[in-house]
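> Okay, predicted coordinates and the sequence, questions at the end:
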Amino acid sequence: MTLVRISGVDDFKALGERWRALEQRADCSFFQSWSWYGCLAAERFPDPVLVEATDGGRTVALALFNRVRHRFAVPDLYLGETGRPELDCPYIEQNGVLAEAGRAEALSFACLKAVASSHRLVLSGIDETTLVAARRAADLLWVRRAQSSPLADLGAARRSGAGYLAARSANTREQIRRSARFYERLGGLETERAETLPDALRMLDEMQRLHQAAWIARGQPGSFAAPFFRRFHESLIAEALPRGEVSLLRVFRGPVTIGVVYNFAFRQRICAYQSGFDYPPEKGSAKPGITCHCAAIEDALERGFDAYDFLAGDDRYKRSLSDRASTLYWVEAGPFRSHAMLLRKFRAVPGALRGRDAGDQNNLLPETS
């Protein structure tokens, strides 16, 4: 019999040990691992709520929320987030309840149902399985955003024997080759992967410089404008690099860095999380982004990974370099007496039906502007 318990967290170190033990029995993403959830956890979860499912005394599911209280409304529970933008800038994807393999939907439903009647749930970057569970668990559910998450199938490229580029379109192959010829005329390209923490932090510095320069030039603040973003990733790299879960790859020619790609390496999958590229003034055929991602893909192939995941975003280069895509959802859910803001969102959708017995399509409300 599965029992669900709701509690606070007094000892994040002890929770981390239990979380790691369940990780070994779960089909989870890097964003569900303790390397991510546990990074600066005491700061990111000032009012933690832990939902734990047990079966015969064995932990089979864990969900860690941060609670945000309101004076005249039910509290919010943020799964894997704080609810504060300045601390949630290390954006989470492939999020969800950490559940024993083969039982993800049932256990996610049990954990979400335990809190959905008394809280507004904010579930960012969840997959279809968690969406279905949330839809069943809550009276109201609103899909705030849905995004495509493209992926390159490296296992298929390896099995075909033709290589990764063979599956790309003729136009994409030509762009990749033209960019390669551009850099070859300047002396060719080399790559290096961070093996030590000092190397990784040096590459992080270089990536930050390139990333910020490119985004500021576009009139945007860039990811590193939020101080917590840098502090979070320094801590994450220190924890995850020795575990082989972080990969920073620098592509360069001579003393000039063309780009740095910061990826997560977890369970045969590389996730392309962040990057910084040097865009030459004479753009022409130079495509540093595609060139650096292709270098990272070749590196992943050589190291035996089966997938190169571009994460959420429908950018053209992601579509060109990928083979297929899944969908991630940013969802709010809760009881009928939930936060007034959530109710206003429902009323803004003409003819929307509510309630978990209304059927799947009626519970999944369309995204509104």
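That came through fine.
> Can you classify residue 92 as helix, strand or coil?
Classification of residue 92 by DSSP: H, G, I helix; E, B strand; the rest coil places it in coil.
> Is there a neighbour count for it? I'd like the number.
Per other CB atoms under 10 Å, the neighbour tally for residue 92 reads 18. Glycine gets a C-beta too; all of them are placed from N, C-alpha and C.
> if I read this right, it contacts residue 126, doesn't it?
No. Between residue 92 and residue 126 there is no contact under CB atoms under 8 Å: 9.6 Å.
> Number of residues surrounding the nearest residue to residue 289 once chain neighbours are set aside?
Of all residues not flanking residue 289 in the chain, residue 277 sits nearest, at 5.1 Å (CB to CB, 6 or more residues apart in numbering). Other residues lying near residue 277 total 24 when counted by other CB under 10 Å.
> Can you check the pLDDT for residue 277?
Residue 277 carries a pLDDT score of 96 in this model.
> Now residue 121: phi and psi?
As for residue 121, its main-chain torsions (degrees, to the nearest 10) stand at phi -90, psi 130.
> give the contact list for it.
Residue 121 makes contact with 65, 76-77, 79, 112, 115, 134, 138, 331-334, according to CB atoms under 8 Å, 6 or more residues apart in numbering.
> Specify the beta-bridge partners of it.
Under DSSP bridges, the beta-bridge partners of residue 121 are residue 77, residue 333.
> Tell me where the stretch 1-150 of the chain has helices.
Ranges of helices within the stretch 1-150 of the chain are 12-23, 34-37, 41-44, 104-116, 128-137, based on DSSP state H, counting those that start in this stretch.
> what residues does the last one touch?
Counting contacts by CB under 8 Å, 6+ apart, the residues outside helix 128-137 that touch it are 95-97, 104-106, 108-109, 112-113, 116, 121, 123, 126, 141, 143, 326-327, 329, 331, 333, 356, 360, 363-364.
> for it, which positions count as buried?
129-137 (16 or more other CB atoms under 10 Å).
> Average pLDDT for stretch 135-145, rounded please.
96.
> swap that for stretch 64-77, sorry
Taken as a whole, stretch 64-77 has an average pLDDT of 94.
> List of residues touching that stretch?
With contacts defined as CB under 8 Å, 6+ apart, stretch 64-77 is touched by 9, 15, 37, 44-51, 78-83, 115, 118-122, 334-335, 337-340.
> Next up, the contacts around the residue nearest in space to the middle of the chain.
The chain has residue 93 as the residue nearest its centroid, 2.5 Å off, counting by CA atoms, centre = their mean. The contact partners of residue 93, by CB under 8 Å, 6+ apart, come to 29, 31, 124-125, 149, 311-312, 328.
> of the residues you listed, closest to residue 176?
Closest approach to residue 176 among the contacts of residue 93 (CB to CB): residue 311, at 20.6 Å.
> Now do the nearest residue to that closest one once chain neighbours are set aside, the pLDDT please.
The shortest distance from residue 311 to any non-neighbouring residue, by CB to CB, 6+ apart, is to residue 93 (5.4 Å). For residue 93, the model assigns a pLDDT of 97.
> Distance of residue 93 relative to residue 330?
Per CB to CB, to the nearest Å, residue 93 is found 10 Å from residue 330.
> For those two, list the residues in contact with both.
In contact with both residue 93 and residue 330: 124-125, using CB under 8 Å, 6+ apart.
> coming back round to it: mind giving me the ChimeraX select for the contacts of helix 128-137, buried ones only?
Provided next is the ChimeraX selection string for whichever of the contacts of helix 128-137 are buried by 16+ other CB under 10 Å:
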select :95,96,97,104,105,106,108,109,112,113,116,121,123,126,141,143,329,331,333,356,363,364
